[in-house]
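Undergrad: I'd like to go over a predicted model; first the sequence, then the structure.
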Amino acid sequence: MNKRIQRLLPVIDMAQTTEREAAAKLGEFQTALQNAQQQLHNLEQYRDDYQQQWIDKGQVGVSGQWLMNYQRFLSQLEVAIEQQQKSLAWHENNLKLGRDLWQQAYARLEGLRKLVQRYRDEALKTASKQEQKMLDEMAQRLMAQHARRD
């Protein structure tokens, strides 16, 4: 194996490890984002259901105390939804950063792989030229020997 390639193997191993770790982290960020989206959806659904209760109870009539409790709880739900929206934005940002890091790690790994392939191609080309040169020299010697016999 070419010495240049041998020197690059540990670097490629490290780049592969970095790329795999970045991919795993990206998966974690994706899962966290999905969980945050689901939690926001659940909160919004709960708020919508709670508002439907208001419509249903309002048709029958409610006490002032019930109305105050309803408004207080609805306000708390809105705060929770706003916080979850901020959390969702934070997770989306993490996912973007994670994707960027993975893309950089992947590009570096691919660049190193292409470099190794180029070194292999060069070594193969050099070996092929040397072999062809040797065959040409052998053919010339044979022709020279054959010419001397004639």
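TA: That came through fine.
Undergrad: Number of residues surrounding residue 36?
TA: Residue 36 has 20 neighbours, counted by other C-beta atoms under 10 Å. For the C-beta atoms, the positions are set from N, CA and C on the backbone; glycine is no exception.
Undergrad: quick one: pLDDT of residue 1?
TA: Reading off the confidence values, residue 1 has pLDDT 65.
Undergrad: Same question for residue 50.
TA: We have a pLDDT of 87 for residue 50.
Undergrad: residue contacts, it?
TA: By C-beta atoms under 8 Å, 6 or more residues apart in numbering, the contact set of residue 50 is 70, 73, 74, 77.
Undergrad: nearest to residue 21, of these?
TA: Of all the contacts of residue 50, residue 77 has the smallest distance to residue 21: 38.9 Å, by C-beta to C-beta.
Undergrad: from what I can see the closest one touches residue 45, true?
TA: No - the pair residue 77 / residue 45 is not scored as a contact, 10.8 Å apart, by C-beta atoms under 8 Å.
Undergrad: Comparing those two, which residue is more hemmed in?
TA: Between residue 77 and residue 45, residue 77 has the larger neighbour count (other C-beta under 10 Å), namely 17 against 10.
Undergrad: Just give the nearest non-adjacent residue to that one, would you?
TA: Spatial nearest neighbour of residue 77, chain neighbours left out: residue 47 (4.7 Å); criterion: C-beta to C-beta, 6 or more residues apart in numbering.
Undergrad: Roughly how far does that neighbour sit from residue 83?
TA: 13 Å (C-beta to C-beta, to the nearest Å).
Undergrad: With neighbour numbers in mind, choose between these two.
TA: Per other C-beta under 10 Å, whichever of residue 47 and residue 83 has more neighbours is residue 47, with 16 against 12.
Undergrad: Now the element after the helix or strand hosting the more buried one, going C-ward?
TA: If you go by DSSP states H and E, residue 47 is part of helix 3-60. The helix or strand immediately downstream of helix 3-60 is helix 64-149, counting by DSSP H and E.
Undergrad: I appreciate the help and will end here.
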